[in-house]
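> Sequence and computational prediction follow.
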Amino acid sequence: MPVSITVVGSVNLDLIARLPVLPRPGETLTATHYDQAPGGKGANQALAARRLGADVRLVAAVGDDALAEDALALLRAAGVDLSELAVVPGPTGLALIQVDESAETTIVVVPGANAHLSVRPAQLTGADGVLTVLEVPEAAVVAAAEHATGFFALNAAPARPVPAEVLRRADLVVVNQSEFEQIDNIELARTVAITHGAKGAELRRDGQIVAEAAPPRVTAVDGTAAGDAFTAALMLGLLEGRSDTEALRRACAVGALTATRHGAQPALPTQTEVEEVLA
């Protein structure tokens, strides 16, 4: 049977402007292209895990506005279980994203409905693993850690203080180098994965590196959801019983493939595409 994952996370609609270079403070530039696409770290990770073969439930909140269905479109199409989705008064979350020609990004998140997400124990029952992010309220993160009955993973992004009890409960915490340096006591977690962009990633336990991997060589055009794809793939690989090195190698490949395409959710690869690049 497929691995079952419940994601407690955010749903956004991404508003994306592409530019030759990112603007400096006070500078106004003209975009070369504009697009909108479904996003949000929780939704991205849910869809990534689903496209890689997991059964996925998303516990999230959207607004009662016209943007909600656009933000949910690809999740519905892929068969992500949205039965625990809350609709709350007000706007759906938004992300204002700028992408330059070297695939560097700046992202401003407007939380909207995500700020009102709450979690009940019954929503997490039966999952092989629970994954959450820091784009939702701290109370939701704490509840996800407390009520997860199996493997518990945290993508500690965007960086902010994380309660020690959440870190102690975590079987896996995923961060980039900047987030790793900002979050106190992060090595209370059983396993910490640190991403280094095009240089790859490492796994640490008890402060020691236990696995390293590099991504395949690709031409990156947009790094928006690469970290989300990496997180979902690494958690899924570990739940499938793969070795640390193999799970990390696959996660690096998934993140790299995501960066070769524009947008967040539209860029997430399928299981077949990952197998092809690894072969």
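Looks like it arrived, so ask away. Quick caveat, the model's predicted, so the values are computed rather than measured.
> Going along the chain, name the strands of the stretch 151-279 of the chain.
For the stretch 151-279 of the chain, strands defined by DSSP state E, counting those that start in this stretch occupy the ranges 151-155, 172-176, 192-195, 201-205, 208-213.
> What lies in contact with the first one?
Put plainly, it is strand 151-155. With CB atoms under 8 Å, 6 or more residues apart in numbering as the test, strand 151-155 has contacts from 41, 45, 128-134, 141, 144-145, 162, 166-167, 169-175, 189, 227-228, 231, 235, 238-239. Placement of C-beta: from N, CA and C, glycine included.
> hmm, back to that, among the strands of the stretch 151-279 of the chain, which is the most enclosed?
For the strands of the stretch 151-279 of the chain, the largest average neighbour count (mean count of other CB atoms under 10 Å) is found in strand 151-155, namely a mean of 27.
> average pLDDT for that strand?
Across strand 151-155, the average pLDDT comes to 98.
> Stretch 267-279 too?
Rounded mean pLDDT across stretch 267-279 is 93.
> Setting aside sequence neighbours, what's the nearest residue to the residue sitting nearest the centre point of the chain?
Nearest to the geometric centre of the chain sits residue 228, at 2.8 Å (CA atoms, centre = their mean). Leaving out its chain neighbours, the residue that sits closest to residue 228 by CB to CB, 6 or more residues apart in numbering is residue 44, at 3.8 Å.
> How much space separates that neighbour from residue 132?
Per CB to CB, to the nearest Å, residue 44 is found 13 Å from residue 132.
> what's the answer for residue 213, then?
For residue 213, the distance to residue 132 - CB to CB - is 24 Å.
> Now the residue nearest to residue 228: phi and psi?
Backbone geometry at residue 44, expressed as degrees, to the nearest 10, gives phi -60, psi -40.
> right, and it touches residue 233 too?
No: Residue 44 is beyond contact range of residue 233, at 11.8 Å (criterion: CB atoms under 8 Å).
> Looking at the two, which one has more neighbours?
More crowded of residue 44 and residue 233, by other CB atoms under 10 Å: residue 44, with 34 against 31.
> chain center to the lowest-mean-pLDDT helix or strand in the chain: distance?
The weakest-scoring helix or strand in the chain, judged by mean pLDDT, DSSP states H and E, is strand 105-110 (a mean of 90). The chain centroid and the centroid of strand 105-110 are separated by 14 Å, computed with CA atoms, centre = their mean, to the nearest Å.
> Adjacent strands (with direction) for it?
Here strand 105-110 has these sheet partners by DSSP bridges: strand 93-99 (antiparallel).
> Could you pull out the buried residues of the strand it pairs with?
Buried residues in strand 93-99, counting neighbours by 16 or more other CB atoms under 10 Å, are found at 93, 94, 95, 97, 98, 99.
> If we go by neighbour counts, what in the least confident helix or strand of the chain is buried?
For strand 105-110, a neighbour-count test (16+ other CB under 10 Å) marks 105, 107, 109 as buried.
> Just the CA trace of that strand, in PDB.
Only the C-alpha atoms of strand 105-110 are listed here, as PDB (Å, rounded to 0.1, in the frame of the first residue of the first chain):
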ATOM      1  CA  THR A 105      13.500  34.700  -5.700                       C
ATOM      2  CA  THR A 106      12.000  37.100  -3.200                       C
ATOM      3  CA  ILE A 107       8.700  36.000  -1.600                       C
ATOM      4  CA  VAL A 108       6.200  38.000   0.500                       C
ATOM      5  CA  VAL A 109       3.400  36.000   2.000                       C
ATOM      6  CA  VAL A 110       0.100  37.500   3.000                       C
END
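> How about residues contacting that strand?
With contact meaning CB under 8 Å, 6+ apart, strand 105-110 is reached by 10, 12, 22, 91, 93-99, 135, 158, 222-224.
> next structured bit after that strand?
Per DSSP states H and E, the first helix or strand lying C-terminal to strand 105-110 is strand 129-133.
> For that next one, which helices and strands make contact with it?
With contacts taken as 3 or more CB pairs under 8 Å, 6 or more residues apart in numbering; DSSP states H and E, strand 129-133 sits against strand 4-8, helix 41-51, helix 138-147, strand 151-155, helix 226-239.
> As CSV, these with distance to residue 266 would be great.
Formatted as CSV, the helices and strands packed on strand 129-133 follow (distance: least, CB to CB, whole Å):
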stretch, distance to residue 266
strand 4-8, 18
helix 41-51, 10
helix 138-147, 27
strand 151-155, 20
helix 226-239, 12
